[in-house]
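> Need coordinates for the below:
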Amino acid sequence: MDIYSKRLPTIKQLQYFIAVCEELSFTGAAEKLGISQPPLSMQIRNLEDKLQSTLFLRNSHNVVLTKEGEILKSKVTQLLNDLCSITKAAKINILEKVTVGTTKTLSFDYIPFFKLFLSEFRDETKIYKHNYTSKELLLELQKGNIDFAIVSDYPTRDFSENSLLIYQEPVTLVLPASHPCCQQNKVNLDDVTDLPLFWFKQQVNPFFYDQCEQVFNKLAHPLSRRAELADNLSMLLEVALGKAMMLLPQSMAQAKVEGVTYKKLISNQDKRLKINIYLIWRKDLKITAVNQAIINYFKRG
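Numbering: from 1, shown residues only. Here you go, the predicted structure:
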């Protein structure tokens, strides 16, 4: 076999193989890579077919490396490390990095898809550190202060060009740990109308606000609202005291506060209460190799 053979594994297959080796779980590896499980399983099957070897023994609960898999793991790890070094050494020095603004609505470090993006493009990008809302980031984009913006939906902007829907963030219900519904796996909002809901002003995120109102209006009993406090921690402490509840983006529901429980919503409410996240780029953005690679990354997602 020579270096031009079509029987050679692809880099993607080798990356997927190492991810499964590290996690010993196809589900865990898929989360790490920011992809769904079926394409991961397909790539591993294709790799095993090309090598004519069984690399993993698996059942519904466990994944174990075979002897052939162990041998391949050490060689592939070295190969990928060498390839990273070669790629880094071959890059032309970039005088100006691409500036990316990310909305403060989500915590992107807790979303594997975005965490992988920030890792893969860390040498080519810099994150706009201002704690901006989506609306503010769009203004910065118009001013030319940033190249890309990752924002939640906003109805006044133009969807017709230079934008991609790249992610839908689920919301999590935050309840006092003493509430009876905390014993359930998933909670129906109809069962928690005894608590006021911390809620934002419509102008903060009009599209998501209206989306939520459509769900709330179909509840058997109306939800009482309470104005949001200055920060999430203050509101979480109020929830712990049994004085309110919250709906938080899943990536923001990370703080461990005594007396607070995070719960998923029932399926039909969960599906309708998702925050649309878009990649937007400047209309006058020069499509360089790096900029195109960023756009392609999110198109693949």
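> quick check, residue 296 in a helix?
Yes - assigned with DSSP: H, G, I helix; E, B strand; the rest coil, residue 296 falls within a helix.
> any idea how far it is from residue 240?
From residue 296 over to residue 240 the distance is 44 Å, taken as Cβ to Cβ, to the nearest Å. In short, each C-beta sits where N, CA and C put it, glycine included.
> Who has more neighbours out of those two?
Set residue 296 next to residue 240 and count neighbours by other Cβ atoms under 10 Å: residue 240 wins out with 19 against 10.
> Strands along the stretch 1-150 of the chain, start to end?
Using DSSP state E, counting those that start in this stretch, the strands found in the stretch 1-150 of the chain span residues 56-58, 63-65, 98-102, 125-128, 148-152.
> Highest mean neighbour count out of those strands?
Among those, ranked by average contacts under mean count of other Cβ atoms under 10 Å, first place goes to strand 148-152 (a mean of 25).
> what's the first helix or strand past that strand going along the chain packed up against?
Where DSSP states H and E defines the elements, the next helix or strand beyond strand 148-152 is strand 163-176. In this structure, strand 163-176 packs against helix 232-240, strand 246-249, strand 260-265, strand 274-281, helix 289-300, with contacts taken as 3 or more Cβ pairs under 8 Å, 6 or more residues apart in numbering; DSSP states H and E.
> So for residue 205, which of those sits nearest?
Among the helices and strands packed on strand 163-176, the nearest to residue 205 by Cβ to Cβ is strand 274-281 (8.1 Å).
> neighbouring strands for the closest one, and are they parallel or not?
strand 148-152 (antiparallel), strand 163-176 (antiparallel) (DSSP bridges).
> can you list the ones you listed in TSV and add mean pLDDT?
What follows is the strands paired with strand 274-281, written out as TSV (pLDDT from 0 to 100):
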stretch	mean pLDDT
strand 148-152	92
strand 163-176	93
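> and those as CSV, adding distance to residue 190?
CSV is the format used below for these (distance: least, Cβ to Cβ, whole Å):
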stretch, distance to residue 190
strand 148-152, 26
strand 163-176, 12
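> Mean neighbour count, these: which tops it?
strand 148-152 (a mean of 25).
> who wins for proximity to residue 254 among the strands of the stretch 1-150 of the chain?
Smallest distance to residue 254 across the strands of the stretch 1-150 of the chain (Cβ to Cβ): 16.3 Å, for strand 98-102.
> tell me the mean pLDDT for the closest one?
Mean pLDDT, computed over strand 98-102, is 94.
> Over to stretch 270-284?
91.
> buried set for that stretch?
270, 273, 274, 275, 276, 277, 278, 279, 280, 281, 282 (16 or more other Cβ atoms under 10 Å).
> Just the residues contacting it, thanks.
Contact with stretch 270-284 is made by 103, 105-106, 138, 141, 144, 146-153, 157, 161-171, 186, 207-208, 211-212, 214-215, 247, 249, 264-265, 291, 295, 298, as judged by Cβ atoms under 8 Å, 6 or more residues apart in numbering.
> Please save the CA atoms from stretch 120-135 in PDB.
C-alpha atoms of stretch 120-135 as PDB (Å, rounded to 0.1, in the frame of the first residue of the first chain):
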ATOM      1  CA  GLU A 120      -9.500  24.300  17.100                       C
ATOM      2  CA  PHE A 121      -9.300  28.100  16.300                       C
ATOM      3  CA  ARG A 122      -7.500  29.400  19.300                       C
ATOM      4  CA  ASP A 123      -4.400  30.400  17.200                       C
ATOM      5  CA  GLU A 124      -6.500  32.300  14.600                       C
ATOM      6  CA  THR A 125      -9.200  34.000  16.700                       C
ATOM      7  CA  LYS A 126      -9.600  36.200  19.700                       C
ATOM      8  CA  ILE A 127     -12.800  36.500  21.700                       C
ATOM      9  CA  TYR A 128     -14.300  39.900  22.200                       C
ATOM     10  CA  LYS A 129     -14.200  40.100  26.000                       C
ATOM     11  CA  HIS A 130     -16.900  42.700  26.600                       C
ATOM     12  CA  ASN A 131     -19.900  41.300  28.400                       C
ATOM     13  CA  TYR A 132     -22.300  42.100  25.600                       C
ATOM     14  CA  THR A 133     -25.900  41.100  24.800                       C
ATOM     15  CA  SER A 134     -26.800  39.900  21.400                       C
ATOM     16  CA  LYS A 135     -28.200  43.300  20.400                       C
END
